[in-house]
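> Generate a structure from the sequence data that follows.
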Amino acid sequence: MSYSGPHFLAWCDEPERVDAFAAALSALMIPGDLIDLMMSATITCRTRSIDDVLATVRANFGGQKSAHLGSGVMLRESERVMVFSLACYPEDSEDDHPFGPLEAKAGERKWDFYPYEIPVGRRPRSVEAEAAAAYHMVQGDVEDLLLRLCAPDASGRVPTGACTGEEDWIAPVEMCATYNANAAELARDLALSWVSLHHKESVSRIAGTSLEALRARVDAAPRGARVPMKGTSELTDSLSRETVLKVLATPPATLLEALEAAAVPDDAWRAVEPKARELMELRRQLDDEAAGEVPPAFWVDITTREHTRFLEEHAPFHVRRLPSGGVLLATHPYRTLWPLWADALFVLGLMS
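The predicted structure is shown next:
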């Protein structure tokens with residue numbers, strides 16, 4: 001599997017898209033940084049004024065005219081600065097080429113966001129610990145950027161969003177992170193995934209479908225219908241219509257508690273976590289000019305297939321109850337949320 005940089009997506013009703021775009025821009029960009037806006041070959045804006053950018057967008061947005069801009073973002077967790085892009089698409093544009101309708105990317109190249117090397121000491125190397133350290137170096141930023149796109153304020157304009165290490169908005173359970181403004185509707189991730197895979201529909205086109213309408217579409221499918229999943233066993237390589245309907249009938253609090261119980265790091269991850277913390281501390285010391293003398297270290301490549309595979313198979317999951325009443329599910333962009341869902345559904349006895 002190949003990966004690009006993390007790709008953040010959000011859905012909201014078209015009348016509120018420019019307002020959602022404006023709020024995300026204010027939450028993401030470094031105040032006073034230069035903004036490059038393009039809406040067509042002749043409609044462009046290069047300025048440091050958010051007001052000027054938004055005036056141009058509001059005057060021209062709609063039909064086939066979407067808004068695309070680039071500026072600088074400070075990643076709060078890692079305190080790194082990089083270029084980011086933000087786009088907003090009207091409904092007519094989404095009908096032709098579904099992208100968002102809101103999307104953001106951090107970094108111009110893959111390795112702008114993901115670390116490609118890490119310092120290690122003189123002790124024997126551990127590929128697994130190096131991969132775990134790489135997880136800690138980006139995971140907080142992934143979650144923070146998704147929330148800055150989807151929930152930059154308390155308006156609730158964006159009911160759902162997601163992040164992926166790929167390019168497209170695929171089934172939510174195959175993404176690396178999802179956001180739901182209402183935790184009581186968390187089951188929509190599973191229902192939306194099933195409908196998208198069964199009917200081969202773009203998620204960005206149906207992401208705003210109500211939970212009731214999704215339930216009706218699942219229920220209308222033939223009994224015993226299944227969709228393929230990227231599972232690691234015969235029990236997790238597909239998802240049945242009946243399982244989705246059972247999940248939709250499960251109390252939201254019960255479902256959320258099962259996901260929280262399933263989000264426990266596995267033995268392989270727990271075994272390397274202490275060493276990963278040592279590597280993180282070594283890097284902190286090397287970055288801290290006032291730290292004085294630090295242990296000898298050399299830099300090693302952490303982009304190998306062995307590093308990637310460990311993250312694909314063992315990166316931990318994070319279930320966050322948000323103060324707003326929403327919920328965020330997340331793991332590293334090299335992994336998907338399906339193993340988390342599968343474990344929770346087994347605990348609840350809903351897999352069939």
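
> what about Asp144, which helix or strand?
Asp144 is located in helix 127-150, with elements delineated by DSSP states H and E.

> just checking, what packs against the helix or strand following that helix?
Once the chain leaves helix 127-150, the next helix or strand it forms, by DSSP H and E, is strand 160-164. Identification of packing neighbours for strand 160-164 by 3 or more CB pairs under 8 Å, 6 or more residues apart in numbering; DSSP states H and E yields strand 7-11, helix 127-150, strand 177-180. C-beta coordinates here come from the backbone N, C-alpha and C atoms, glycine included.

> same thing but 10 Å
strand 7-11, strand 102-106, helix 127-150, strand 177-180, helix 188-199, helix 203-206, strand 327-330 (3 or more CB pairs under 10 Å, 6 or more residues apart in numbering; DSSP states H and E).

> Lys246: which of the ones you listed is closest?
Comparison of the helices and strands packed on strand 160-164 against Lys246 by CB to CB identifies helix 188-199 as nearest, at 10.1 Å.

> how much distance is there from the closest one to the middle of the chain?
17 Å (CA atoms, centre = their mean, to the nearest Å).

> Under the pLDDT cut-off, which ranges of the stretch 1-150 of the chain? List them.
Flagging of the stretch 1-150 of the chain using pLDDT under 70 yields the residue ranges 1-4, 94-98, 110.

> got the residue ranges for the helices in it?
17-28, 50-60, 91-96, 110-113, 127-150 (DSSP state H, counting those that start in this stretch).

> where do the helices sit along the stretch 201-350 of the chain?
203-206, 211-219, 241-248, 252-262, 267-287, 305-314, 338-347.

> could I get the ones you listed as a markdown table with mean neighbour count?
Output for the helices of the stretch 201-350 of the chain, formatted as a markdown table (neighbours: other CB atoms under 10 Å):
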| stretch | mean neighbour count |
| --- | --- |
| helix 203-206 | 20 |
| helix 211-219 | 16 |
| helix 241-248 | 20 |
| helix 252-262 | 17 |
| helix 267-287 | 16 |
| helix 305-314 | 17 |
| helix 338-347 | 21 |
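
> Please name whichever of the ones you listed is nearest to Arg48.
Of all these, helix 267-287 comes closest under CB to CB, at 29.5 Å.

> Contacts for the closest one, please.
Residues outside helix 267-287 that contact it (CB atoms under 10 Å, 6 or more residues apart in numbering): 79, 115, 118-121, 123, 125-137, 264-265, 291-295, 297, 299-300, 302, 310-311, 313-316.

> Looking at the helices of the stretch 1-150 of the chain, which one is packed in the most?
Mean neighbour count (mean count of other CB atoms under 10 Å) peaks for helix 127-150 among those, with a mean of 22.

> ok and that helix relative to helix 267-287, angle-wise?
Going by axes from the mean of the first three to the mean of the last three CA atoms, to 10 degrees, helix 127-150 is angled at 80 degrees with respect to helix 267-287.

> Was I right to think Glu201 contacts Ile170?
No. Assessed by CB atoms under 10 Å, Glu201 is found out of contact with Ile170, at 11.2 Å.

> which one of these two has more residues nearby?
Between Glu201 and Ile170, Ile170 has the larger neighbour count (other CB atoms under 10 Å), namely 18 against 15.

> Could I get the phi/psi values of that one?
Torsion angles at Ile170 (phi, psi; degrees, to the nearest 10) stand at phi -100, psi -170.

> Please apply the same query to the one 4 residues further on.
Here is the backbone geometry of Glu174 (degrees, to the nearest 10): phi -100, psi 10.

> picking up where we left off before, can you add distance to Leu337 and give the helices and strands packed on strand 160-164 back as CSV?
CSV is the format used below for the helices and strands packed on strand 160-164 (distance: least, CB to CB, whole Å):
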stretch, distance to Leu337
strand 7-11, 14
strand 102-106, 19
helix 127-150, 13
strand 177-180, 7
helix 188-199, 8
helix 203-206, 13
strand 327-330, 6
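
> Give me the most central residue, this structure.
Centroid-nearest residue in the chain, with CA atoms, centre = their mean: Cys163, separated by 2.1 Å.

> Please dump the helices of the stretch 1-150 of the chain into TSV; it should also carry distance to Pro159 for every row.
Listed next are those as TSV, based on distance: least, CB to CB, whole Å:
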stretch	distance to Pro159
helix 17-28	11
helix 50-60	22
helix 91-96	16
helix 110-113	26
helix 127-150	9
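
> Mind checking those helices for the one nearest to Leu245?
Among the helices of the stretch 1-150 of the chain, helix 127-150 sits nearest to Leu245 (CB to CB), with 27.4 Å.

> Could you figure out how far the closest one is turned away from strand 160-164?
Interaxial angle, helix 127-150 versus strand 160-164 (the same axes, to 10 degrees): 150 degrees.

> how far does helix 127-150 sit from the chain's center?
Worked out by CA atoms, centre = their mean, helix 127-150 lies 10 Å from the chain centre.

> Next, count neighbours for the residue nearest to Val57 when sequence neighbours are not counted.
Sequence neighbours aside, Ala67 is the residue nearest to Val57 in space, at 4.7 Å (criterion: CB to CB, 6 or more residues apart in numbering). Look at Ala67: counted by other CB under 10 Å, it has 26 neighbours.
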